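Peer 1: my questions are about this predicted structure, shown below with the sequence.
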Amino acid sequence: MFRLTDYPLLTFLIALVVLGLSAWFGAGTLRRRRPIDGNALEDFRVVQGAVLTLLALIIGFTFSMAIGRYDQRKNLEEAEANAIGTEYVRADLLPAADAAKVRLLLRRYTDERILFYTTRDFQEEQKVNARTAQLQNELWAAILAPVMANPTTVMALVVNGMNDVLNSQGYTQAAWWNRIPPAAWMLMMLISVGSCVAVGYGARDLARERLMLLAVPAIVATSFFFIADIDSPRAGVIRVIPQNLHSLAQSLAPK
């Protein structure tokens, strides 16, 4: 599904144009049609300040949401690497032939998880997910026969470890789907438009304050850029780098 916020630079440009036009509308058309007299100016300043304060709070809250989701994706990447590494060690509890097969599958699985974090192409992502699902089935089948042949508490460690490997991938995928809701973006955009109109409407001298009118739209659009960038797991500049999985892959490589 297309999401504008998956393209942070485009989000910035659209926001800058829309908010800039909103400020010019307030300073030009609206102020000419309904000029503010001296008695109403003080009351307007109070309303203007309240709207700008609300905008700052909404942007700060949304930025905090994006940071929280980014931190969650980082923590889950670490959890995935730990789960795979633990199960790789627990494979020693299996018979030698089964242990070798599980280790080979885990190395391939680690490579696929690294690709999941690094690829930016949607079609490639679908292929990675398909290969990951296939490897998960093979991993489960690889431990099922030896565990069923020797159902002991020691073998239960192997089963629990494989459960952690499979579950950690599901938690990661859920975190990547957990984005800032479109309704929150709409609310933030509407408040931003209203704030820019208020800034333009309150401008005293349009000829002198042309650059000042663009200050608030530029700052807000920049905030939108960073929020969209952090909130976008795959398309943004600020992304989760699978450092733990890279380190794990190096340690699992055959000597």
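Peer 2: Nice, I can see it.
Peer 1: counting by contacts, list what the one helix or strand residue 56 maps to packs against.
Peer 2: Using DSSP states H and E, residue 56 falls within helix 38-90. Applying 3 or more C-beta pairs under 8 Å, 6 or more residues apart in numbering; DSSP states H and E, we find helix 38-90 packed against helix 96-118, helix 153-177, helix 182-201, helix 210-231, helix 243-252. Where C-beta positions appear, they are placed from N, C-alpha and C, glycine not excepted.
Peer 1: quick one, which of these is nearest to residue 15?
Peer 2: Among the helices and strands packed on helix 38-90, the nearest to residue 15 by C-beta to C-beta is helix 210-231 (4.0 Å).
Peer 1: now do the buried residues in that closest one.
Peer 2: For helix 210-231, burial by neighbour count (16 or more other C-beta atoms under 10 Å) applies to 213-214, 216-218, 220-221, 223-231.
Peer 1: ok, those residues vs residue 181, which is closest?
Peer 2: residue 231 (10.5 Å).
Peer 1: once you drop chain neighbours, what's closest to the closest one?
Peer 2: Nearest residue to residue 231, sequence neighbours excluded (C-beta to C-beta, 6 or more residues apart in numbering): residue 66, at 4.3 Å.
Peer 1: count the residues that sit near that neighbour.
Peer 2: The criterion is other C-beta atoms under 10 Å. On that basis, residue 66 has 21 neighbouring residues.
Peer 1: can you classify residue 35 by secondary structure?
Peer 2: State at residue 35, reduced to three classes by DSSP: H, G, I helix; E, B strand; the rest coil: coil.
Peer 1: for the chain, spot the helix or strand the model is least confident about on average.
Peer 2: Here the helix or strand of the chain ranked lowest by mean pLDDT, DSSP states H and E is helix 31-33, holding a mean of 70.
Peer 1: can you give me the neighbour number for the closest residue in space to residue 195 that isn't next to it in sequence?
Peer 2: Counting by C-beta to C-beta, 6+ apart, residue 195 lies nearest to residue 55, which is 4.5 Å off, once chain neighbours are set aside. Neighbour count for residue 55, taken as other C-beta under 10 Å: 21.
Peer 1: residue contacts, residue 55?
Peer 2: Under the criterion of C-beta atoms under 8 Å, 6 or more residues apart in numbering, the neighbours of residue 55 are 188, 191-192, 195, 220.
Peer 1: try 10 Å this time
Peer 2: 188, 191-196, 198, 216, 220, 223 (C-beta atoms under 10 Å, 6 or more residues apart in numbering).
Peer 1: residue 175 now?
Peer 2: Residue 175 is in contact with 69-77, 233, 240, counting by C-beta under 10 Å, 6+ apart.
Peer 1: surely residue 17 and residue 217 touch.
Peer 2: Yes: using C-beta atoms under 10 Å, residue 17 is in contact with residue 217, at 8.6 Å.
Peer 1: okay, and the common contacts of the two?
Peer 2: In contact with both residue 17 and residue 217: no residue, using C-beta under 10 Å, 6+ apart.
Peer 1: burial of the nearest residue to residue 218 once chain neighbours are set aside, as a residue count?
Peer 2: Once flanking residues are discounted, residue 218 sits nearest to residue 16: 6.4 Å by C-beta to C-beta, 6+ apart. Applying other C-beta under 10 Å, we find 18 residues neighbouring residue 16.
Peer 1: in stretch 6-14, what's buried?
Peer 2: Quick answer for stretch 6-14 (16+ other C-beta under 10 Å): 6-8, 11-12.
Peer 1: same question, stretch 155-170
Peer 2: Using 16+ other C-beta under 10 Å as the burial criterion, the residues of stretch 155-170 that qualify are 155, 158-159, 161-162, 164-166, 168-169.
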